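*Asks:* structure here, sequence nowhere to be found:
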């Protein structure tokens with residue numbers, strides 16, 4: 001394999017571009033870019049590898065670009081596509097909230113969203129938190145009026161305006177209280193406001209106010225006056241005071257702080273001389289890359305997702321050597337010139353240092369929160385061991401729950417907590433196979449735990465590299481918790497013998513009083529329900545209940561949308577639609593003869609006869 005890698009490296013070009021490191025499974029584990037692919041890849045093997053160990057790399061792919069700036073853009077596209085584990089990435093970058101404007105609708109909506117993939121809609125953000133996003137929407141609702149009803153068409157079936165109209169949060173386009181043109185001008189003002197063009201919005205409102213007063217529409221003029229005052233108050237509150245007396249018109253001030261394998265970036269958005277927004281983002285930096293590389297990667301990822309890129313971006317002096325390259329890439333994205341400036345003095349330096357201080361504070365708070373959470377988990381696991389009298393810490397806890405509604409769609413869940421935290425990759429769900437006339441939680445629990453034991457006995461001796469091995473089933477739990485009281489615990493102990501013999505402890509947790517039962521005891525343990533160990537079991541129980549209920553709802557929903565066509569061999573979505581279009585209703589289809597089915601376009605005669613036979617066979 002080393003010879004293969006050596007051969008691949010010899011074929012790498014001495015040109016700008018992007019390279020991808022892959023492991024034995026073909027997974028992309030790192031994406032990089034350089035002005036020289038050949039030299040940059042060579043540097044990874046001459047010293048410390050960027051992926052922790054060069055032994056993980058088994059294949060090197062590459063893509064040549066015209067410039068390093070173009071390589072930066074392509075690199076970000078690959079990072080978004082492959083999400084390699086060793087690259088610097090915005091933490092949970094897919095979940096940041098946005099404000100969307102549905103320009104594809106006749107009367108556009110302004111709404112909260114976490115997606116931004118529709119080309120016919122405008123998106124503003126990403127925002128630092130959902131709460132801040134909703135606060136912004138609340139402010140927009142007070143300053144401007146737009147519809148909040150769902151769907152492409154405004155209004156309700158009743159044809160009566162909703163409460164928003166009466167509290168002056170919507171101008172009721174559903175009943176013609178505002179024209180399409182006037183409503184669209186209102187939406188344009190909202191987009192200008194979200195884009196930071198506060199002054200132009202204020203000037204337009206002031207002009208409308210004067211026109212309304214001149215036309216003796218004093219009530220409308222007063223409403224516009226109140227709106228103008230609200231915007232002016234916001235502008236005054238957020239205006240940036242500069243020592244030089246010269247305002248910073250439009251720019252993003254970026255500050256970054258690093259600590260071990262984490263980083264935080266703060267963005268101060270200055271628009272029209274006003275601090276429009278302060279956003280903070282956490283980054284994963286597993287390879288502890290230097291500051292300039294972290295800033296470069298943040299700028300590339302952040303500006304690939306925002307609605308607009310400002311003409312000026314102020315960054316740390318550490319970026320001095322890469323500022324021009326990043327500016328070229330961002331200029332390509334913006335469609336006009338972008339300057340990336342390393343502020344060394346003056347007001348811009350003061351603001352950049354302010355952003356950096358905020359980044360350091362945010363990173364410190366995040367680390368303290370993590371340490372506190374980790375300490376609480378350790379305390380909970382230790383408390384549980386002591387109260388249950390276990391020899392070892394219950395590092396792996398498995399929780400089981402049953403969910404049913406009548407005798408149909410009975411399901412069960414298995415959730416896993418390791419070190420006191422959920423390990424969702426090891427969650428499993430079960431459909432109860434036993435046929436029962438009435439719901440029987442005891443029998444259902446016994447069936448599920450029996451299947452869990454059999455799975456462990458089959459999987460435990462398999463090699464970790466065996467494709468048949470399921471790591472969740474192959475792991476021996478330190479503690480198994482079943483939801484319920486003494487009855488559920490007795491049912492569990494009927495089948496868990498092989499695991500108990502290997503050291504697994506079994507308990508049950510009753511919902512009503514959070515009582516913990518252990519085998520052989522007729523009364524629950526004397527453990528306060530607010531004890532750390534008890535709280536951990538409650539979290540496991542609640543998570544098992546949530547997971548089981550979700551699976552149950554999914555199965556019930558699928559059953560409610562199924563039809564006779566779903567069980568017919570040879571009938572897929574296209575033929576199902578053809579049959580329904582031809583016969584009109586399922587009832588007419590069921591009454592049809594084989595020849596009538598064969599007359600449907602796209603249904604061969606042989607298949608028609610087979611369908612008819614399936615529909616009319618005895619039983």
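*Replies:* Yep, it's here. Being a predicted model, the structure only gives us computed values, none of them experimental.
*Asks:* alpha carbons only for contacts and neighbour counts from here, please
*Replies:* OK.
*Asks:* tell me how far the ends of stretch 143-162 are from each other?
*Replies:* Distance between the two ends of stretch 143-162: 19 Å, counting by CA to CA, to the nearest Å.
*Asks:* check which residues of it are buried.
*Replies:* Judged by neighbour count (16 or more other CA atoms under 10 Å), stretch 143-162 contains these buried residues: 143-149, 154-155, 161-162.
*Asks:* for residue 567, state which of these is nearest.
*Replies:* Closest approach between the buried residues of stretch 143-162 and residue 567, by CA to CA: residue 149, at 39.1 Å.
*Asks:* so what's that closest one up against?
*Replies:* Residue 149 makes contacts with 109, 155, as judged by CA atoms under 8 Å, 6 or more residues apart in numbering.
*Asks:* how far away is it from residue 110?
*Replies:* 10 Å.
*Asks:* now do the shared contacts for these two.
*Replies:* With contacts defined as CA under 8 Å, 6+ apart, no residue is adjacent to both residue 149 and residue 110.
*Asks:* quick one on the thing from earlier: widest-spaced pair of the buried residues of stretch 143-162?
*Replies:* Of all pairs drawn from the buried residues of stretch 143-162, the one with the largest separation by CA to CA is 143 and 155; the distance is 21.2 Å.
*Asks:* number of nearby residues for residue 233?
*Replies:* Residues within reach of residue 233, counting by other CA atoms under 10 Å, total 12.
*Asks:* also residue 184?
*Replies:* Residue 184 sits with 17 neighbouring residues when counted by other CA under 10 Å.
*Asks:* state the pLDDT value of the closest residue to it other than its chain neighbours.
*Replies:* If the residues on either side of it in the chain are set aside, residue 184 comes closest to residue 107, at 7.1 Å by CA to CA, 6 or more residues apart in numbering. Reading off the confidence values, residue 107 has pLDDT 90.
*Asks:* residue 107: which element?
*Replies:* Following DSSP states H and E, there is no helix or strand that holds residue 107.
*Asks:* tell me the contacts of it?
*Replies:* By CA under 8 Å, 6+ apart, the contact set of residue 107 is 147, 152-154, 173, 180, 183-184.
*Asks:* using JSON lines, lay out the residues you listed together with secondary structure and pLDDT.
*Replies:* Shown next, in JSON lines, are the contacts of residue 107 (DSSP: H, G, I helix; E, B strand; the rest coil; pLDDT from 0 to 100):
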{"residue": "147", "secondary structure": "coil", "pLDDT": "87"}
{"residue": "152", "secondary structure": "coil", "pLDDT": "81"}
{"residue": "153", "secondary structure": "coil", "pLDDT": "83"}
{"residue": "154", "secondary structure": "coil", "pLDDT": "85"}
{"residue": "173", "secondary structure": "helix", "pLDDT": "87"}
{"residue": "180", "secondary structure": "helix", "pLDDT": "88"}
{"residue": "183", "secondary structure": "helix", "pLDDT": "90"}
{"residue": "184", "secondary structure": "helix", "pLDDT": "90"}
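*Asks:* pLDDT below threshold where in the stretch 51-200 of the chain?
*Replies:* Under the criterion pLDDT under 70, the flagged ranges of the stretch 51-200 of the chain are 51-55, 91-95.
*Asks:* the stretch 351-500 of the chain too?
*Replies:* 405-408, 434-439.
*Asks:* show me where it has its helices.
*Replies:* With helices called from DSSP state H, counting those that start in this stretch, the stretch 351-500 of the chain shows them at 441-459, 471-474, 486-495, 497-501.
*Asks:* which of the ones you listed sits closest to residue 553?
*Replies:* Closest approach to residue 553 among the helices of the stretch 351-500 of the chain is made by helix 441-459 (17.6 Å; CA to CA).
*Asks:* for that closest one, what is the distance to the chain centroid?
*Replies:* Mean-position distance between helix 441-459 and its chain equals 33 Å (CA atoms, centre = their mean, to the nearest Å).
*Asks:* cool, stretch 495-511 as well?
*Replies:* For stretch 495-511, the distance between its averaged C-alpha position and the chain's averaged C-alpha position is 35 Å (CA atoms, centre = their mean).
*Asks:* same check, this time on stretch 340-348
*Replies:* Here stretch 340-348 shows a centroid-to-chain-centroid distance of 35 Å under the convention CA atoms, centre = their mean.
*Asks:* and stretch 412-422, by the same measure?
*Replies:* On the basis of CA atoms, centre = their mean, stretch 412-422 sits 20 Å off its chain's mean C-alpha point.
*Asks:* quick one: contacts of stretch 443-461?
*Replies:* When contacts are defined by CA under 8 Å, 6+ apart, stretch 443-461 is touched by residues 400-402, 412, 430, 432, 434, 468-470, 473-476, 488, 491-492, 494-496, 498-499.
*Asks:* what subset of those is buried?
*Replies:* So, by 16+ other CA under 10 Å, the buried ones in these are 400-402, 412, 430, 432, 469-470, 473-474, 476, 488, 491-492, 495-496, 499.
*Asks:* counting neighbours, what do you get for residue 542?
*Replies:* Neighbouring residues of residue 542 were enumerated by other CA under 10 Å; the total is 17.
*Asks:* scratch that, residue 12
*Replies:* The burial count assigned to residue 12 is 20, neighbours taken as other CA under 10 Å.
*Asks:* can I assume it sits in a strand?
*Replies:* No - Residue 12 is assigned coil when assessed by DSSP: H, G, I helix; E, B strand; the rest coil, not a strand.
*Asks:* find me the pLDDT at it, would you?
*Replies:* The model reports residue 12 with a pLDDT of 88.
*Asks:* may I have the phi/psi pair for it?
*Replies:* In terms of degrees, to the nearest 10, the main-chain angles of residue 12 are phi -70, psi 140.
*Asks:* what's the distance between it and residue 67?
*Replies:* The span separating residue 12 from residue 67 equals 16 Å under the rule CA to CA.
*Asks:* also residue 376?
*Replies:* From residue 376 to residue 67 the distance is 50 Å (CA to CA).
*Asks:* now do residue 135
*Replies:* If you go by CA to CA, the gap between residue 135 and residue 67 works out to 42 Å.
*Asks:* looking at these two, which one has more neighbours?
*Replies:* Using other CA under 10 Å, the more surrounded residue of residue 135 and residue 67 is residue 67, with 17 against 11.
*Asks:* does that one touch residue 36 like I think?
*Replies:* No - when contacts are counted by CA atoms under 8 Å, residue 67 is not listed as touching residue 36 (9.9 Å).
*Asks:* just confirm residue 117 is within a helix.
*Replies:* No - according to three-state DSSP, residue 117 belongs to no helix; its state is coil.
*Asks:* and the helices in the stretch 151-300 of the chain?
*Replies:* Taking DSSP H, counting those that start in this stretch as the criterion, the stretch 151-300 of the chain contains helices spanning 163-166, 180-194, 198-214, 218-238, 291-302.
*Asks:* of those, which is nearest residue 608?
*Replies:* Distances from residue 608 to each of those were compared using CA to CA; the shortest belongs to helix 180-194, at 52.7 Å.
*Asks:* who touches the closest one?
*Replies:* 106-108, 124, 140, 144-146, 173, 198, 200-201.
*Asks:* which residues does the nearest residue to residue 39 once chain neighbours are set aside contact?
*Replies:* For residue 39, the nearest residue in space outside its immediate sequence neighbours is residue 14; the separation is 7.0 Å by CA to CA, 6+ apart. Counting by CA under 8 Å, 6+ apart, residue 14 touches 36-39.
*Asks:* could you do residue 615 as well?
*Replies:* Applying CA under 8 Å, 6+ apart to residue 615 gives the contacts residue 590.
*Asks:* surely it is in a helix?
*Replies:* Yes - according to three-state DSSP, residue 615 belongs to a helix.
*Asks:* that one and residue 592, how far apart?
*Replies:* Between residue 615 and residue 592 the distance, using CA to CA, works out to 10 Å.
*Asks:* before we move on, what about residue 273?
*Replies:* Residue 273 is 74 Å from residue 592, where distance means CA to CA.
*Asks:* burial count for residue 285?
*Replies:* Neighbours of residue 285 under the rule other CA under 10 Å: 23.
*Asks:* er, residue 323 actually
*Replies:* Residue 323 is surrounded by 21 other residues when neighbours are defined as other CA under 10 Å.
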